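Peer 1: Give me a model of this one.
(one chain, ligands or ions: 1)
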Amino acid sequence: MSEPKLLTPKVAIIGAGPAGLSAAKKLAGRSGGEVLVVDREKEAGGIPRHADHLGYGIRDRKRFMSGPAYARALVAEARNAGATIMTRTMVTGWADDKTLVATTPHGRVLIRPEVFCFATGARERPRTARMIPGTRPDGILTTGQLQNRVHLNHDAVGTKAVVVGAELVSWSAVMTLAESGCRTIALVSEYDKPESYGLFTGPGQLWFRTRVTRNAKVVRIHGKERVSGVEIEHTTSGSREIIECDTVVFTGSWIPDNELLRMAGVTLDPASRSPVVDAVGATSKPGIFAVGNLNHPVETADVVALEGENVADRILEHLRGTSSPMEAVAITVDDPIAWISPSTYTPRGPRPARGRFVAWVDRLITRPIVTVRQGGRVVASKRLWWPAAPGRAFRIPSSLLQNVDPTGGDVRISIG
Ligand SMILES: Cc1cc2nc3c(=O)[nH]c(=O)nc-3n(C[C@H](O)[C@H](O)[C@H](O)COP(=O)(O)OP(=O)(O)OC[C@H]3O[C@@H](n4cnc5c(N)ncnc54)[C@H](O)[C@@H]3O)c2cc1C
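Peer 2: Purely as a prediction, here's the structure:
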C-alpha cells in the first residue's frame, strides 16, 4: 500500500457548512498560507444544501434565501477568496496530536496544519439512540436523512407520516414530506407548548392539514417490513394511542459531531457534549478551534456563519502570535438551562459573536428574568422580552456579564 500523501496547509477547517465556509472566506488570503476546507460529502455547503426552503441568510446576508442558494453563495465566496475545498474527504482520526487522517476517493491523506478549526456541526439523535422499543421496519428517518433522500436523491418516502418533535426543524421535515407527496398526520411533542414559534404552529397545522399532539411521547414503533404505526403515550393521562402511518421522522434532539475533538482530548461540556470554548472558539488545546453547531446544537445558519467570521479573526491573531492569554472564568447554569455556549467568559477579552451567549432550556419561560451571580453576589439581573423555549436557541446578551470580576471565580446564570 502506498504512503498517504501529506498536506500541510496553514489552516485546516474540518466541515464545509456555513461555519467552516464563513471562517474560510475570511482566512483565505490573510493567513499567510493555504486555507484547506475538507468535507465528507460530495458537495460543500453543509445542511443548507438539502434544506430546500426559504429561511436562510437573514442576519448575515440581510436576505431571505433558500438553503441550497445560501450554500452555493457561501461556497463561491470561500473559493473566490482563495480557500481550497476538498470534498469526499472524511476525517477519521488522528495520526498524532498534530496530524489528522482522512480518506478520499484517491486514498488516505494526512493533514498537518498550523491551526485546526473544527466545524463539523451536529446531527439528530436517530431512533436507535432514543431507546424506543418495537420492530425495526423501513420508513424510519431523521430530518437529515429525509432531506437527503428527497432533495438530493429524489427518492420517494411514504404516504402518511408522523413527525416526532414540533420545533422549527420538525416543520422543515413536514415541508419536505409534503413536497414528496407524503402527508403528515401528526407532530408529536413531549412539551405542553409546541417548541416552534406560534407563527409556524398555527398556520402550519392548517396549511399541512396536520395536528400537533402535545404532552405525548412515542413509546413503540409497529410494523414488519414497513412501519405501520407509532404508539404514543399521553403523558398527562397515561393513555395510549396508535397513529397509523408508514413513515416516522425523528427531529431535533441534537448531538454535536464531537468525535474528533474527543479523540484529541479536548475538554467537552458534560451537558451538551460540545467542546468547552472561549468567546471566540478556542478549545482547551492550543491551536484547536471549534465553531458553529458543534459548539451549540443548534443555532440558525446565519448566526453560525457570523461566528465563523468571528473565529477567523481569532485564528489570525493566533497565527500572528498577537493573542495573549487572559483570565477566564467558568460559567455554570441552573435548571431549566441545560447548557450555555461559550461556557467560559474572559472579562477583559473579546465578546462572543453578536454579543450573545447561546443557551438551551428544558422548560418554557415566556418573559424570563436572567440573573448573573458571582461568589453569591448578583452581578446583573434583567427581564428579556423574548421567551426561553425548549427546542430552539435561547440567546443571552453578553452585556449582562460586563461587571464580572476576572478574579472573582465561577459565574452562575439562572432564569426564572
Ligand atoms: C432540517 C433543517 C432545516 C433548517 N432550516 C434552517 C433555516 O431555515 N434557516 C436557518 O438559518 N437555519 C436552518 N437550519 C439550521 C442550519 O442548517 C444550521 O444552523 C447550519 O447548517 C449549521 O452550520 P454548521 O457549519 O455548524 O454545520 P453543518 O451545516 O452541519 O456542516 C457541518 C459539515 O461538516 C461535515 N463533517 C462532519 N464531520 C466530518 C468529518 N469527520 N470529516 C469531514 N467532514 C465532516 C459535514 O459533512 C457537514 O457538511 C436548519 C437545519 C435543519 C437540520
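
Peer 1: Quick one: list the elements packing against the lengthiest helix in the chain.
Peer 2: The residue-count maximum for a helix in the chain (DSSP state H) belongs to helix 301-320. In this structure, helix 301-320 packs against helix 18-27, helix 58-61, helix 67-81, strand 115-118, strand 288-290, with contacts taken as 3 or more Cβ pairs under 8 Å, 6 or more residues apart in numbering; DSSP states H and E. C-beta: built from backbone N, CA, C; applies to glycine.

Peer 1: Which part of the stretch 101-250 of the chain gets nearest to the ligand, residue-wise?
Peer 2: In the stretch 101-250 of the chain, the residue found nearest to the ligand is G121; the distance is 2.4 Å by Cβ to the nearest ligand atom.

Peer 1: Contacts only, for that residue.
Peer 2: G15, G17, A19, G46, I47, P256, D257, G292, N293, L294 (Cβ atoms under 8 Å, 6 or more residues apart in numbering).

Peer 1: P126: which of those is nearest?
Peer 2: For these, the closest approach to P126 (Cβ to Cβ) belongs to D257, at 13.4 Å.

Peer 1: can you count the residues close to A186?
Peer 2: Applying other Cβ atoms under 10 Å, we find 22 residues neighbouring A186.

Peer 1: Ignore what I typed, I meant T128.
Peer 2: 10.

Peer 1: Quick check: it vs N153, distance?
Peer 2: 22 Å (Cβ to Cβ, to the nearest Å).

Peer 1: same question, A166
Peer 2: Distance, A166 to N153, using Cβ to Cβ: 27 Å.

Peer 1: When these two are compared, which one has more neighbours?
Peer 2: More crowded of A166 and N153, by other Cβ under 10 Å: A166, with 29 against 9.

Peer 1: dump the residue contacts of R130.
Peer 2: F250, S253.

Peer 1: go on, the one 4 residues further on?
Peer 2: The neighbours of G134, taking Cβ under 8 Å, 6+ apart as the test, are R220, I221, H222, E231.

Peer 1: Can you convert those residues into CSV and add a column each for distance to the ligand and pLDDT?
Peer 2: Putting these into CSV (distance: Cβ to the nearest ligand atom, whole Å; pLDDT from 0 to 100) gives the following:
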residue, distance to the ligand, pLDDT
R220, 25, 94
I221, 21, 94
H222, 26, 95
E231, 25, 96
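
Peer 1: ok, which pair from those is furthest apart?
Peer 2: So, the contacts of G134 by Cβ to Cβ: farthest apart are I221 and E231, at 7.6 Å.

Peer 1: between these two, who's got more neighbours?
Peer 2: I221 (22 against 17).

Peer 1: which residue sits closest to that one, ignoring its sequence neighbours?
Peer 2: G134 (3.7 Å; Cβ to Cβ, 6 or more residues apart in numbering).

Peer 1: ok, now how distant is that neighbour from I140?
Peer 2: 10 Å.
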